[in-house]
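Undergrad: Sharing a sequence plus its predicted fold:
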Amino acid sequence: MSLNVNGRFARNAGYALHVMTASGAVVGMLALQAVINDNIHAALVWLVISQILDGLDGPIARKFDVPLTAPRVDGHILDLVVDYVTCVVVPIAFMNHFLMLPSHSETLLAGSMFLFSALWFARTDLETDDHWFNGFPAAWNLAVPTLLLAHTSTAQVAIICGVLCASQLTNFKMPHIVRSPQLRSITLPFGIIYLANLTYLSVTYTNSGDNNLTWLTGGILFGFPIYVFAISIWRTFIYRETPGELSLNA
């Protein structure tokens, strides 16, 4: 009897998690509606909420072994579908609507971001065995709010987005914040602090463009992307895996 109860609980928990993942698409719709309504503050907040949902469902799915307990829904495909909406479509619409891209070239830049991100999501080598992404993982829902809150100029936005787009067709290694074993004791806490900081800055942001960017919040806002870029260079060009390391870190 207890086995049946435990089995039902695991199955129900698995499908509930699939619903939680799919709800990210609804959050994306709310963010897009806020963009259409010129409510930059609400759009920022919904983008952050979508990132929090995306960050939570993976660890929970692994804990409940969802591919076995709720197999009628492919969680990987579901995650990719929702991610393309919340991580690509909505942030790029945000950039276009709120004039973050240089005039007369915004269509070209936005189109390139859509194109390269679609190709990246379809890569068969999207992630390495030790959970580093090959190329920028289309995390525009983090990049775009960061660029906005940092008061980046349109020219700077264009250059940064161009570099990130180009990297999506390369094997430049970028960390999975939760799963990459190398430097995880630094990357994961720093990532959580960065996301908390981004949430605070988004919640306190006003439609007039004011935010509470101090030396501390600004340092975190700039510091984490710089850290990620630095360790990505290290992982791509310097790091060499030692025999048996993956099995030890698994």
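TA: Thanks, I have it.

Undergrad: Buried residues in the one helix or strand Ala230 maps to, which are they?
TA: Taking DSSP states H and E as the definition, Ala230 sits inside helix 215-233. By neighbour count on 16 or more other CB atoms under 10 Å, the buried set for helix 215-233 is Thr217, Gly218, Ile220, Leu221, Phe224, Pro225, Tyr227, Val228, Ile231, Ser232. All C-beta atoms are positioned from the backbone trio N, CA, C, and that covers glycine.

Undergrad: can you check stretch 83-99 too?
TA: 83-96.

Undergrad: Other residues contacting it?
TA: When contacts are defined by CB atoms under 8 Å, 6 or more residues apart in numbering, stretch 83-99 is touched by residues 24-25, 27-28, 31-32, 35-36, 38, 40, 43, 46-47, 50-51, 54, 100-101, 106, 110, 113-114, 117-118, 121, 138-141, 143-145, 148, 154, 157.

Undergrad: Now do it: distance to the chain's middle.
TA: Centroid separation for stretch 83-99 versus its chain: 12 Å, with CA atoms, centre = their mean, to the nearest Å.

Undergrad: what's the helix or strand encompassing Asp54 packed up against?
TA: Secondary structure from DSSP H and E places Asp54 in helix 40-64. If contacts are counted by 3 or more CB pairs under 8 Å, 6 or more residues apart in numbering; DSSP states H and E, helix 40-64 sits against helix 2-36, helix 75-83, helix 90-97, helix 140-149, helix 184-204.

Undergrad: got the CA coordinates for the shortest one in PDB?
TA: Meaning helix 90-97. Taking Å, rounded to 0.1, in the frame of the first residue of the first chain, the C-alpha atoms of helix 90-97 are listed here in PDB:
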ATOM      1  CA  VAL A  90      10.100  38.600 -24.400                       C
ATOM      2  CA  PRO A  91      13.500  40.200 -23.700                       C
ATOM      3  CA  ILE A  92      14.100  41.100 -27.300                       C
ATOM      4  CA  ALA A  93      10.600  42.600 -27.600                       C
ATOM      5  CA  PHE A  94      11.500  44.500 -24.400                       C
ATOM      6  CA  MET A  95      14.700  45.800 -26.000                       C
ATOM      7  CA  ASN A  96      13.000  46.900 -29.200                       C
ATOM      8  CA  HIS A  97      10.000  48.500 -27.500                       C
END
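
Undergrad: orientation of the following helix or strand past it relative to helix 75-83 in degrees?
TA: Following helix 90-97 in sequence order, the next helix or strand is helix 106-121 (DSSP H and E). Inter-element angle recorded for helix 106-121 and helix 75-83: 170 degrees (by axes from the mean of the first three to the mean of the last three CA atoms, to 10 degrees).

Undergrad: Can you pull out the residues in contact with helix 106-121?
TA: 80, 83-84, 87-89, 92, 95-96, 99, 101-102, 126, 135-138, 140, 158, 161-162, 165-166, 168-169.
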